[in-house]
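S.K.: model this:
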Amino acid sequence: MDNWKTSARAFWAAFAPPTFWLVAFFIIPLSLIWLYSFSSKTGIIDTTLDWNLNQYARALEPLYLGIFWKSIWMAAATTFISLVVAFPVAIAIVFAKPNVRMWLLLLIILPFWTNLLIRTYALIAVLRTNGFINNGLEWLVVHADWLLSFVGLGDNTLIGPFSPLHLLYNNTAVVFGLVYVHLPFMVLPLYAALDRLDRSYLEASLDLGAGHFRTFFSVVVPLALPGIASGVIITFIPAMGSYLTPDLLGGTDSQMIANVIGNQFKGANNWPFGAALSFLLMYATFFALAIRAFLMRKDGRGTK
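M.R.: Numbering: from 1, shown residues only. Coordinates of the predicted model:
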């Protein structure tokens, strides 16, 4: 292949359009929002760029720090649950027959073909008071009571009336929704890491007397660490910045930091404060990525 210096026109023809797109529609708008974070609101819609840190100081008040911490622990809970659920799923896909593996991967990717809003409303239909879960539990209670009465062990009042479970508009619903949305982001990196696993290590571990659990924690998990790290990062970061899921599934005390940012830009019309909150979230994202890069380098990966 010719060096790019000898075919500069072809290089710039391929390089210029994506660079222009990145600068015009990402870097410049993001830079404007960054400038807003150092501005002051002087009217209902007016702002002045006076290079102050007042918006960042306000963002560090206990109220907003509490929302930040809530977002962090909800994203951490989402990531942990996704990891626990995704690991056996990824292992099952890896050890499945090749023709079955293709269909299993398709089932994992299939949710991406549906709009997130539609999937969230479908989840609401499952979790609401008159939803599928409560209706199913009510059916079980009614028929269990009838069955006990039929065999002479009850009088249709043994179990009692069914009280619907409150599954929506709380923190649990938000975490469940976040796991529902982000689970594929954990499965795919784990599958990619486990698919490259040398199965002779597993056979050697079992032949040397280690049980399945010890083999899993002593062999499989360490060899899958790159996939675990990638899955944790690409699950935790989007979960912490989620807006739609807590907005539709959460209650008044279930707002995450993205909801507060959205309210500042739309409801309160306070762009400087919304920009400061946005960039604090971005700084936290960069910090998480830096920690991952440091750990990977310390572990000897990514140095070549």
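S.K.: tell me where the stretch 1-150 of the chain has strands.
M.R.: Secondary structure of the stretch 1-150 of the chain (DSSP state E, counting those that start in this stretch): strands located at 39-41, 47-49.
S.K.: now the last one: average pLDDT?
M.R.: Averaged across strand 47-49, pLDDT comes to 88.
S.K.: contacts only, for residue 94.
M.R.: By Cβ atoms under 8 Å, 6 or more residues apart in numbering, the contact list for residue 94 reads 101, 191, 194, 195, 197. Using the backbone N, CA and C atoms, a C-beta is placed for each residue, glycine as well.
S.K.: apply 7 Å and report the result again.
M.R.: When contacts are counted by Cβ atoms under 7 Å, 6 or more residues apart in numbering, residue 94 touches 191, 194, 195.
S.K.: okay, now residue 190: neighbour count?
M.R.: The number of residues packed near residue 190 is 25, by other Cβ atoms under 10 Å.
S.K.: following the host helix or strand of it, which helix or strand comes up?
M.R.: According to DSSP states H and E, residue 190 maps onto helix 171-195. Using DSSP H and E, the next helix or strand after helix 171-195 towards the C-terminus is helix 199-207.
S.K.: start to end distance for stretch 43-56?
M.R.: Stretch 43-56 has an end-to-end distance of 19 Å (Cα to Cα, to the nearest Å).
S.K.: pLDDT score assigned to residue 198?
M.R.: Taking residue 198 on its own, its pLDDT is 85.
S.K.: same check, this time on residue 237
M.R.: In this model, residue 237 carries a pLDDT of 90.
S.K.: same deal with residue 136?
M.R.: What the model reports for residue 136 is a pLDDT of 86.
S.K.: what would the contacts of residue 94 look like in a markdown table with distance to residue 221?
M.R.: Below are the contacts of residue 94 laid out as a markdown table (distance: Cβ to Cβ, whole Å):
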| residue | distance to residue 221 |
| --- | --- |
| 191 | 15 |
| 194 | 10 |
| 195 | 15 |
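S.K.: who wins for neighbours among those residues?
M.R.: residue 191 (23 neighbours).
S.K.: that one and residue 128, how far apart?
M.R.: Using Cβ to Cβ, to the nearest Å, one gets 33 Å for the distance from residue 191 to residue 128.
S.K.: same question for residue 179.
M.R.: Relative to residue 128, and taking Cβ to Cβ, residue 179 is found at 18 Å.
S.K.: okay, those two: which has more neighbours?
M.R.: residue 179 (22 against 18).
S.K.: quick check: the more buried one touching residue 82?
M.R.: Yes: the criterion here is Cβ atoms under 7 Å, and residue 179 meets it with residue 82 at 5.4 Å.
S.K.: about what we covered before: now, among the contacts of residue 94, which is nearest to residue 120?
M.R.: Residue 120 lies nearest to residue 191 out of the contacts of residue 94, by Cβ to Cβ, at 25.0 Å.
S.K.: quick check: that closest one touching residue 88?
M.R.: No: the criterion here is Cβ under 7 Å, and residue 191 misses it with residue 88 at 11.6 Å.
S.K.: check contacts around residue 185.
M.R.: The contact partners of residue 185, by Cβ under 7 Å, 6+ apart, come to 231, 234, 235.
S.K.: next one: residue 190
M.R.: By Cβ under 7 Å, 6+ apart, the residues touching residue 190 are 86, 87, 90, 224, 227, 228, 231.
S.K.: grab the nearest non-local neighbour of the third one.
M.R.: With Cβ to Cβ, 6 or more residues apart in numbering as the measure, residue 190 is the residue that lies nearest to residue 90, at 3.8 Å, once sequence neighbours are left out.
S.K.: ok, now how distant is residue 182 from residue 237?
M.R.: From residue 182 to residue 237 the distance is 10 Å (Cβ to Cβ).
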